[in-house]
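# Curious how this folds, go ahead:
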Amino acid sequence: MTDTLVMERIDTNLTRLRLPRIREVLQRVVESGEQQGKSYLSFLDELLEEEVAQKEQRRVETALKISGLPFIKSIDEFDFTFHPHLDRQQVMSLFDLTFIRQNGNVIFLGPPGVGKTHLAVSLALKACQAGLSIYFTTMDDLIIKLKKDHEAGRTGKRRSYYKSALVIVDEVGYTPINREECNLFFRFIAARYEKASTIITSNKAFSDWAELFHDPVIVSAFLDRLLHHSAVINIKGNSYRLKGKLTQKEVNSIHQVNDSGSNLTTENGSILNDR
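Next comes the predicted model:
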């Protein structure tokens with residue numbers, strides 16, 4: 001059988017086997033292998049690596065599309081120099097994803113615009129690339145989903161915001177919720193407790209959550225679960241979105257507010273019960 005016929009049959013079989021990347025690079029790899037005198041195993045290995053890499057890229061792209069992430073930003077794009085008091089080592093230690101393997105949580109606290117969502121999204125991106133399921137939602141959207149499930153008599157346990165390995169709940173505390181909604185949020189946190197990981201971003205200190213959620217008992221209950229095996233990251237400072245748009249006087253004024261007891265951070269920025 002001539003080389004041409006062999007290549008035609010290989011092409012047909014690659015199509016039937018749904019190996020488009022190997023089909024695409026086959027000729028190039030064959031020529032490279034002949035020139036470099038590669039072994040059959042090296043030749044096969046290179047082809048398979050090409051196919052696997054493309055399938056993995058497509059998996060990540062698809063997962064990101066359905067994850068609900070508002071944007072895609074890696075940790076490399078985060079400007080640590082804008083927040084000189086932020087413990088970079090503490091933040092970067094999260095990116096080994098140990099907290100997910102241990103079903104732990106991460107809470108980012110700080111005023112609007114300091115990069116809480118950016119860090120949360122970057123962790124989700126890293127988790128997705130590692131093959132873990134991710135889901136992003138704002139607190140408002142999550143409450144709407146939980147209420148719809150409750151009113152329809154569904155537990156919602158099979159939905160992505162329950163079963164994903166990592167769920168981000170963004171903007172907790174931006175709007176108050178009533179007692180019924182607080183109960184639903186407690187059930188959500190309790191259902192994921194020690195089964196999967198949750199990232200929370202909030203502009204409120206934990207001491208303000210009782211007032212925000214109208215039920216100190218339930219707030220205490222879900223904070224007990226949320227903070228167990230968790231890392232709490234405080235980000236103090238100004239909004240990155242306002243960088244270059246404020247006068248020095250306005251910047252100093254904001255610093256004075258943040259340094260004089262703003263209720264936007266917890267008592268300290270250390271890792272709590274990190275296992």
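
# So residue 231 lies in a strand, does it not?
Yes: per DSSP: H, G, I helix; E, B strand; the rest coil, residue 231 lies within a strand segment.

# Check it and give its pLDDT.
Predicted confidence (pLDDT) for residue 231: 96.

# tally of neighbours for it?
22 (other C-beta atoms under 10 Å). All C-beta spots, glycine's among them, are computed from the backbone N, C-alpha and C.

# Now do it against residue 87, distance only.
11 Å (C-beta to C-beta, to the nearest Å).

# before we move on, what about residue 13?
55 Å.

# ok, the two, which is more surrounded?
residue 87 (16 against 11).

# Show me where this protein has its strands.
Applying DSSP state E to the chain gives strands spanning 105-109, 134-138, 166-172, 197-202, 230-234, 271-272.

# As a markdown table, the ones you listed with distance to residue 43 would be great.
Formatted as a markdown table, the strands of the chain follow (distance: least, C-beta to C-beta, whole Å):
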| stretch | distance to residue 43 |
| --- | --- |
| strand 105-109 | 44 |
| strand 134-138 | 36 |
| strand 166-172 | 38 |
| strand 197-202 | 41 |
| strand 230-234 | 46 |
| strand 271-272 | 49 |
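
# can you tell which of these is closest to residue 215?
strand 166-172 (15.0 Å; C-beta to C-beta).

# Partner strands of the closest one and their direction?
strand 134-138 (parallel), strand 197-202 (parallel) (DSSP bridges).

# I'd like the average pLDDT over the shortest one.
So that's strand 134-138. For strand 134-138, mean pLDDT is 98.

# Could you list the alpha-carbon positions for it in PDB?
The C-alpha trace of strand 134-138 is given here as PDB (Å, rounded to 0.1, in the frame of the first residue of the first chain):
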ATOM      1  CA  ILE A 134     -16.500  25.700  39.700                       C
ATOM      2  CA  TYR A 135     -19.500  28.000  40.000                       C
ATOM      3  CA  PHE A 136     -19.800  31.800  40.500                       C
ATOM      4  CA  THR A 137     -22.800  33.700  41.800                       C
ATOM      5  CA  THR A 138     -23.600  36.900  43.600                       C
END
